[in-house]
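Novice: Everything below, folded, please.
(2 chains)
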2 protein chains.
Amino acid sequence: MTKSIEFYFDFISPYSFLAYKRLDRLNKENHINIIYKPILLGGLHKLGGITAPAFNERKMKNMKNDCQLVSMKNDIEFIWNSKFPINSLYLMRGYIAIDDKYKKKFFKICFDCYWKNNIDISKEKNVDQILEDVGLEKELFYQNIQKLEIKDELKKLTDKAFKKDIFGAPTFVVNNKIFWGQDRLDYALDEYNS
Amino acid sequence: MTKSIEFYFDFISPYSFLAYKRLDRLNKENHINIIYKPILLGGLHKLGGITAPAFNERKMKNMKNDCQLVSMKNDIEFIWNSKFPINSLYLMRGYIAIDDKYKKKFFKICFDCYWKNNIDISKEKNVDQILEDVGLEKELFYQNIQKLEIKDELKKLTDKAFKKDIFGAPTFVVNNKIFWGQDRLDYALDEYNS
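Specialist: You can find the predicted model right below:
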């Protein structure tokens, strides 16, 4: 069986962005078999009875400082989004709905817009721009993300993650072992390379 | 002004233990000016409206695995305490009450009992053993930890930490900058050495 590193993410999550950038850099040096796993972080927190740090004054303040620090230490371009938190539902559904050949570009552009370029990705005009940049047809995209099967698919993926004991993002799964947080990317890679 | 690293801790916190062991090792190589800051983690969480990971099924499971992993990666003797969580109130009060010359030994023995030797430090017979090992007089110790001024002192220290935006343990403060979690010990030391 080929080894893989599952990467559970939500565009809303700054630590998912930071982990993605670190993983992407390593992936360019040595190919890593990454399986991208979209989930709805808000849904996962709700299922797990967890209050997100975004909704606690001190945790929020710390997270903002900490993300700046992690980005500097890792030489990652990063701006704390002035419209945090927003609802990432449409774009997460979008990631599922679009054809596989567009996913990589869509993934990069969504994350970069929100955590590198301080763009409010919950606004339709900004989503329109993303779709144009990726090369996706707008009308079809907006139709697809309203389809029951796409809504259900994101719920199903989130439920499935929850049943695996996943409760946050980013989470990495290697050899059925769970590693939570961008701080555990190194441990996940140790397991992957072991 | 002499630089220092403030180390906010509670004996109940496994990550405080792991941070202490890492810091202690580094301190032996190069002297670090550490100021120990006892707080009551439960009280801090309550003030901050935070549910401790110990009280969330998935977070608890993850924390247990993660602590084992961190201890292995850092070559630290560690056993997840089978009586976690307990009430650390008496020992935290004790740390404040005892004479300065005993604090270092008391600190080490309490942490080692709970996170290295799987001892239930909420049981009186085990506290008695700790006191004996440290060389403290039992009767005086038990009298002191019931004194209003000692009770108030621990509350005051916890309140003061909270007002500085501290919300968890371990927390390191260097140059008025807050670093939360044993994962941020390196960043705290970078700041200390800068």
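
Novice: chain center to stretch A:75-83: distance?
Specialist: 15 Å (C-alpha atoms, centre = their mean, to the nearest Å).

Novice: That one near chain B anywhere?
Specialist: No: shown here: stretch A:75-83 not in contact with chain B (C-beta under 8 Å from any C-beta of the partner chain), separated by at least 14.5 Å. (Glycine included, C-beta is placed from N, CA and C.)

Novice: end to end, how far does that stretch reach?
Specialist: End-to-end distance for stretch A:75-83, by C-alpha to C-alpha, to the nearest Å: 23 Å.

Novice: Poorly predicted segments of chain A, please.
Specialist: A:1 (pLDDT under 70).

Novice: and it, which residues reach chain B?
Specialist: Going by C-beta under 8 Å from any C-beta, the residues of chain A near chain B are A:48-51, A:56-59, A:61-62, A:65-66, A:69, A:73, A:165-167, A:178, A:180, A:183-184, A:187.

Novice: Please repeat the previous calculation with a cut-off of 10 Å.
Specialist: A:44, A:47-51, A:53, A:55-59, A:61-63, A:65-66, A:69-70, A:72-73, A:162, A:164-168, A:171, A:177-184, A:186-187, A:190-191 (C-beta under 10 Å from any C-beta of the partner chain).

Novice: Which members of those residues are positioned in helices?
Specialist: A:44, A:47-48, A:57-59, A:61-63, A:65-66, A:69-70, A:72-73, A:162, A:186-187, A:190-191 (DSSP state H).

Novice: Selecting buried members of those in ChimeraX, what would you type?
Specialist: Buried residues within these, by 16 or more other C-beta atoms under 10 Å in any protein chain shown, are selected in ChimeraX with:
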select /A:44,47,48,58,59,62,63,65,66,69,70,162,187,191
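
Novice: Only C-alpha atoms, please: export stretch A:182-194 in CSV.
Specialist: Extracted C-alpha coordinates of stretch A:182-194, given in CSV (Å, rounded to 0.1, in the frame of the first residue of the first chain):
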residue,chain,number,x,y,z
GLN,A,182,0.4,22.8,12.0
ASP,A,183,2.8,22.3,15.0
ARG,A,184,2.5,18.5,14.4
LEU,A,185,3.3,18.6,10.7
ASP,A,186,6.9,17.4,11.5
TYR,A,187,5.7,14.5,13.5
ALA,A,188,3.2,13.5,10.7
LEU,A,189,6.1,13.6,8.2
ASP,A,190,8.3,11.5,10.5
GLU,A,191,5.5,8.9,10.5
TYR,A,192,5.2,9.2,6.7
ASN,A,193,8.9,8.8,6.2
SER,A,194,9.3,6.0,8.8
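
Novice: For chain A, which segments are assigned as strands?
Specialist: A:5-9, A:34-38, A:171-174, A:177-180 (DSSP state E).

Novice: As TSV, the ones you listed with mean neighbour count would be great.
Specialist: Formatted as TSV, those follow (neighbours: other C-beta atoms under 10 Å in any protein chain shown):
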stretch	mean neighbour count
strand A:5-9	22
strand A:34-38	17
strand A:171-174	23
strand A:177-180	21
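
Novice: Distance to residue A:135 added to those, as CSV?
Specialist: Shown next, in CSV, are the strands of chain A (distance: least, C-beta to C-beta, whole Å):
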stretch, distance to residue A:135
strand A:5-9, 22
strand A:34-38, 19
strand A:171-174, 29
strand A:177-180, 34
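
Novice: Now residue A:126: closest residue in space that isn't a chain neighbour?
Specialist: residue A:119 (5.3 Å; C-beta to C-beta, 6 or more residues apart in numbering or on different chains).

Novice: neighbours around the one you found, how many?
Specialist: Neighbour count of residue A:119, defined by other C-beta atoms under 10 Å in any protein chain shown: 21.
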